[in-house]
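**Q** Provided below for reference: sequence and predicted model.
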Amino acid sequence: MRVTVQKFGGTSVATKEKLFIAAQRVVRAKREGYAPVVVVSAPGRKGDPYATDTLISLAKDIDPQVPVEPRELDLLMTCGEIISIVLMAQAVKAMSGYKTIALTGGQAGIYTDSNFGNARIIRIDPTPIWEALKNDYIPVVAGFQGVTEHFKLGGHGQITTLGRGGSDTTAGALAAALKAEACEIYTDVEGVMTADPRIVGNKARVLPSVTYEEVSEMAHLGAKVVHPRCVEIAMDHRIPVWVRKPDSENPGTVIKERASDLPEKMFRFTGVTHLPYVAHLKVHVKHQDDLPEIETEIYRLLGEAGIVTYFVGKSKNLFEFAVVRDNLEKVQNLLDGLTIPVSVNRHSRLYLLTMSPNSVAHRERRRMLEQIQPKLEIEDAPVEVATNCAIVSLVVLNTREVPGIMARILEAVVDANISILQVADAQHSVSCLVLEEDMVRAVNILHDKFELHLGVGEKLQTL
Amino acid sequence: MSRRGERVTTIVEPKQEEFERKRGVTGISVEEGLVHVEVQVPPNLKERLNVFKALAEAGVSLFLIKFHPDSIHFLIRREVLSKAQKVLQNLNRPTKVTRDCVLISVLSSAMRDLPGVMARIAEALYEQGIELLETGDSHDSVMILVRRSDAEKVVNALRQKFGL
């Protein structure tokens, strides 16, 4: 049996018209001899009546002071997908007369741990889907959900949600469990693109083929095409992933190779991504020897507060990191006015962190400390904050094989008079931290500089 | 323990025991034969560009590049050190070179969902009194650069810290 898993996102099932366009894809696959397994998301986008955030707000609005249990939230959040599976199953049946069966995640055999809100798939029992396929049904499965194997209250079978990228993850996981020929992700763009067309316009090109690693890197760095968790499962189980638009005849993008399968000296300039809403912080420390102790303490506090840091780095007298801007207030509350005692080489000092060294509050805090601890050396540690930053990244397959990437990036930004606050490179990307006001220009100039509009991203190159 | 290419040794390999990858830190890899280079150059991007251009023209690949207030830092492979030094001498830029460095990567499939990894790494190094030459991070790893003589101690401390 030639199984293909077809996943349709929220916009594909938002209206009757779009639902029939998606259903047409399913019918076509069936007529071409495939056994399609369909996965659907909740209808619509953020703010729509059955979208996840709308459902959550229904429960939270009862009394914002009383938190909703994660188990109950998961029950509520899965309603949108359940609506979608029934509608999609009905649309396919109405269009073609084929037999369809709508299945929740649990009914489809998806078992997870009991981490409500962000559950991890433990195993998939493909029996219900195989049974449906053998009896010539088209199974339509609710994305983003599973059931527990064990749970303290109510036993097994509690409904869970998979967290971010949920429906893509369901599709990748089902494709792996069924050893499908393909996992097709239908979205509102033509495929994986060299940049966001809303930023670079029609210069953005569809990449015919990329490796799992490149698309994962793009997704982590801001591209919103396919979720990296789906890519990871597909890569581990060697399932080709296609990214396509439901109403387009273009082939879209195929993801079927691992970077490690390619010859060593091959590289490709793949695309430019962007991630806005980032803040950059620098903590200045007067004595270099004291830096490790202060750094350790700050990282400990940030870790305990659940704050993830990016662009970590250190120089002689400062260390720096970036955070998503939603976390900035939390970071400010943690660091402003914080005192860190340091003992290095039998020398003790007290560092007083401040985000506004000239403020009255800081001066008063310092004066009080000097009164309480007259013998202790007190040092200010100013924390410099750049609030409105963005990360612009050039995704490159095998960055390290290619000399001169940073030179080309700098050439482009110098010509455009854009400042770079920091850089970071990984195996498949080079990222620049820029001011948010420069983000759109930076994406455009890098896209032009690396000639991605001319199709450079469409072929592998050799050194 | 497995070797990937000539240079990277995976000390603790991430296991795929179940259907989906485990969350959290799952592996450690070590890359040897690296040289850390610090070039004094003011923050002006035009001046920095000249350094990167000259190195690119000589075919020197750089990684773990960091901008500092009065310098740029990067890693190069040992085999291109003399070529890089010649370029930097011609540019008349004061340069500090630390040979025999090791890049240790702490691996996770979703580092951005894992707060506290950097804290535990910094703690492990601080407890051992080891100097961290440089750090870097990506969605699937936190990288730390140390001297080769410290590498074994660091790997052991990290294994202990993360229960690997």
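**A** Thanks, I have the structure now.

**Q** So residue A:366 belongs to a strand, correct?
**A** No - counting by DSSP: H, G, I helix; E, B strand; the rest coil, residue A:366 is not found in a strand; it is helix.

**Q** Residue A:291 versus that one, what's the distance?
**A** Distance from residue A:366 to residue A:291, counting by C-beta to C-beta, to the nearest Å: 21 Å. C-beta here means a position set from N, CA and C on the backbone, and glycine is covered the same way.

**Q** Comparing those two, which residue is more hemmed in?
**A** Legend: neighbour count by other C-beta atoms under 10 Å in any protein chain shown for residue A:366 and residue A:291, higher for residue A:291 (23 against 17).

**Q** Could you tell me the phi and psi values at the closest residue in space to the more buried one that isn't next to it in sequence?
**A** Once flanking residues are discounted, residue A:291 sits nearest to residue A:285: 5.0 Å by C-beta to C-beta, 6 or more residues apart in numbering or on different chains. Phi and psi for residue A:285, reported as degrees, to the nearest 10, are phi -130, psi 130.

**Q** any idea how far residue A:285 is from chain B?
**A** Note on residue A:285: its distance to chain B, by C-beta to the nearest C-beta, to the nearest Å, is 13 Å.

**Q** quick one: that residue and residue A:320 touch, right?
**A** No - the pair residue A:285 / residue A:320 is not scored as a contact, 11.4 Å apart, by C-beta atoms under 8 Å.

**Q** need the helix or strand of chain B with the lowest average pLDDT.
**A** The helix or strand of chain B with the poorest confidence is strand B:2-4; it has a mean of 43 (mean pLDDT, DSSP states H and E).

**Q** Could you identify the helix or strand that succeeds that one?
**A** Moving toward the C-terminus from strand B:2-4, the next helix or strand (DSSP states H and E) is strand B:8-12.

**Q** Stretch A:201-217 vs chain B: in contact?
**A** Yes - using C-beta under 8 Å from any C-beta of the partner chain, a contact is recorded between stretch A:201-217 and chain B, made by A:216, A:217.

**Q** How far does that stretch stretch from one end to the other?
**A** Counting by C-alpha to C-alpha, to the nearest Å, you get 22 Å between the two ends of stretch A:201-217.

**Q** If you count surrounding residues, which of residue A:285 and residue A:320 has more?
**A** residue A:285 (26 against 23).

**Q** Return the residues in contact with that one.
**A** Neighbouring residues of residue A:285 by C-beta atoms under 8 Å, 6 or more residues apart in numbering or on different chains: A:291, A:294, A:317, A:318, A:319, A:351, A:379, A:381.

**Q** The residue nearest in space to the middle of chain A - nearest residue in space that isn't next to it in sequence?
**A** Closest to where the C-alpha atoms of chain A average out (C-alpha atoms, centre = their mean) is residue A:220, at 4.8 Å. Distance criterion C-beta to C-beta, 6+ apart; nearest residue to residue A:220, sequence neighbours excluded, is residue B:139 at 3.8 Å.

**Q** What's the separation between whichever residue of the stretch 101-250 of chain A sits closest to chain B and residue B:156?
**A** Using C-beta to the nearest C-beta, residue A:220 is the residue of the stretch 101-250 of chain A that sits closest to chain B, at 3.8 Å. Taking C-beta to C-beta as the measure, residue A:220 falls 30 Å from residue B:156.

**Q** Same question for the strand ranked longest in chain B: list its buried residues.
**A** In chain B, with assignment by DSSP state E, the single longest strand is strand B:25-40. Counting neighbours by 16 or more other C-beta atoms under 10 Å in any protein chain shown, one finds that the buried residues in strand B:25-40 are B:25-31, B:34-39.

**Q** near chain A too, which of those residues?
**A** Within these, nothing lies near chain A by C-beta under 8 Å from any C-beta.

**Q** Identify the farthest-apart pair in those residues.
**A** Using C-beta to C-beta, these reach their maximum pairwise distance at B:26 and B:39, which is 35.4 Å.

**Q** that older thread, now the longest strand of chain B against strand B:8-12, angle please.
**A** On the basis of axes from the mean of the first three to the mean of the last three C-alpha atoms, to 10 degrees, strand B:25-40 is oriented at 140 degrees to strand B:8-12.

**Q** My understanding was that the residue of the stretch 101-250 of chain A closest to chain B contacts residue B:137; is that so?
**A** No - if you go by C-beta under 8 Å, residue A:220 and residue B:137 don't touch, sitting 11.5 Å apart.

**Q** Name the nearest residue to the closest residue to chain B within the stretch 201-350 of chain A, ignoring sequence neighbours.
**A** Nearest residue of the stretch 201-350 of chain A to chain B: residue A:303, at 2.9 Å (C-beta to the nearest C-beta). Leaving aside its sequence neighbours, residue A:303 sits nearest to residue B:116 (C-beta to C-beta, 6+ apart; 2.9 Å).

**Q** Tell me which residues touch the one you found, please.
**A** A:299, A:300, A:302, A:303, A:304, A:306.

**Q** The top strand by length along chain A near chain B at all?
**A** In chain A, taking DSSP E as the definition, the longest strand is strand A:377-397. No - Strand A:377-397 lies out of reach of chain B by C-beta under 8 Å from any C-beta, never closer than 10.3 Å.

**Q** Whatever helix or strand comes next after that strand: how far from the chain's middle?
**A** For strand A:377-397, the following helix or strand on the C-terminal side (DSSP H and E) is helix A:405-415. In terms of C-alpha atoms, centre = their mean, to the nearest Å, the centre of helix A:405-415 is set 27 Å apart from its chain centre.

**Q** C-terminal to helix A:405-415, what's the next element?
**A** That would be, after helix A:405-415 and using DSSP H and E, strand A:422-426.

**Q** Within the sheet, what are the partner strands of that next one, with directions?
**A** Strands adjacent to strand A:422-426 in the sheet, as given by DSSP bridges, are strand A:429-435 (antiparallel).

**Q** Now do the partner strand against helix A:405-415, angle only.
**A** Going by the same axes, to 10 degrees, strand A:429-435 makes 20 degrees with helix A:405-415.

**Q** so where's chain A uncertain?
**A** A:154 (pLDDT under 70).

**Q** For the longest helix along chain B, list the C-alpha coordinates in PDB.
**A** If each helix of chain B is counted by residues according to DSSP state H, the longest one is helix B:148-162. What follows is helix B:148-162 as a C-alpha-only set of coordinates in PDB (Å, rounded to 0.1, in the frame of the first residue of the first chain):
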ATOM      1  CA  ARG B 148      43.100  21.300  25.200                       C
ATOM      2  CA  SER B 149      44.700  20.600  28.600                       C
ATOM      3  CA  ASP B 150      41.300  21.400  30.200                       C
ATOM      4  CA  ALA B 151      39.100  19.400  27.800                       C
ATOM      5  CA  GLU B 152      39.000  16.100  29.700                       C
ATOM      6  CA  LYS B 153      38.100  17.800  32.900                       C
ATOM      7  CA  VAL B 154      35.400  19.900  31.200                       C
ATOM      8  CA  VAL B 155      33.900  16.900  29.500                       C
ATOM      9  CA  ASN B 156      33.800  14.900  32.800                       C
ATOM     10  CA  ALA B 157      32.300  17.900  34.600                       C
ATOM     11  CA  LEU B 158      29.600  18.300  31.900                       C
ATOM     12  CA  ARG B 159      28.700  14.600  31.900                       C
ATOM     13  CA  GLN B 160      28.300  14.800  35.600                       C
ATOM     14  CA  LYS B 161      26.200  18.000  35.500                       C
ATOM     15  CA  PHE B 162      23.900  16.700  32.800                       C
END
